[in-house]
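*Asks:* fold the following and give me the result.
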Amino acid sequence: MFLLLILWPLAELFVLIKVAEAIGVLYAILLLLLSWPVGTWALRSRGRAAWQRLSAAVAAGRSPGREVLDGALVVIGGFLLIVPGFISDLVGLLALLPPTRALLRRELARNLQSRVVVGATRFTRGRTLYDVDSTATDLDQPQLHG
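*Replies:* Below is the predicted model of the structure:
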């Protein structure tokens, strides 16, 4: 994670230089400035739509897992468009566009599900963190200190 925090800005700077060489410094800066209002608009409009879908799912009594992940991806995508940089803009757009957001949501759900399963079945030093066989019994307070 620390490496990502160092490499991301360096990669953004490298891409900015290459884009500026290709289209000119002024156009590169204008593109970066244009992504800020687009990101703000995306956060407001797409975020509002995601919130409405979440509310509708809860009102209908069904699990809002898909809507929660969609909302998270919309927030991340809008935020990445506000952050200056062409790489962050590209990742932000991928998180905002419905076809690619569906792919990201599926991968995110699979990753989260596998983490939950691993966390629920983790073993430490040969014993489980929970009572698998339901053999635990309550002890009276005097028995604990004796």
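
*Asks:* by mean pLDDT, which helix or strand of the protein comes out lowest?
*Replies:* Within the chain, no helix or strand scores below strand 123-124, which has a mean of 50 by mean pLDDT, DSSP states H and E.

*Asks:* which residues in this protein form strands?
*Replies:* Per DSSP state E, the chain carries strands over the ranges 123-124, 127-128.

*Asks:* packing partners of the top helix by length along the chain?
*Replies:* Ranked by residue count and defined by DSSP state H, the top helix of the chain is helix 25-59. Packing contacts for helix 25-59, counted by 3 or more Cβ pairs under 8 Å, 6 or more residues apart in numbering; DSSP states H and E, involve helix 2-23, helix 65-82, helix 86-96. Every residue, glycine included, has its C-beta placed from N, CA and C.

*Asks:* what mean pLDDT does it get?
*Replies:* On average, the pLDDT along helix 25-59 is 89.

*Asks:* chain center to that helix, what's the gap?
*Replies:* How far helix 25-59 lies from its chain's middle: 15 Å, per Cα atoms, centre = their mean, to the nearest Å.

*Asks:* perfect, that will be all.
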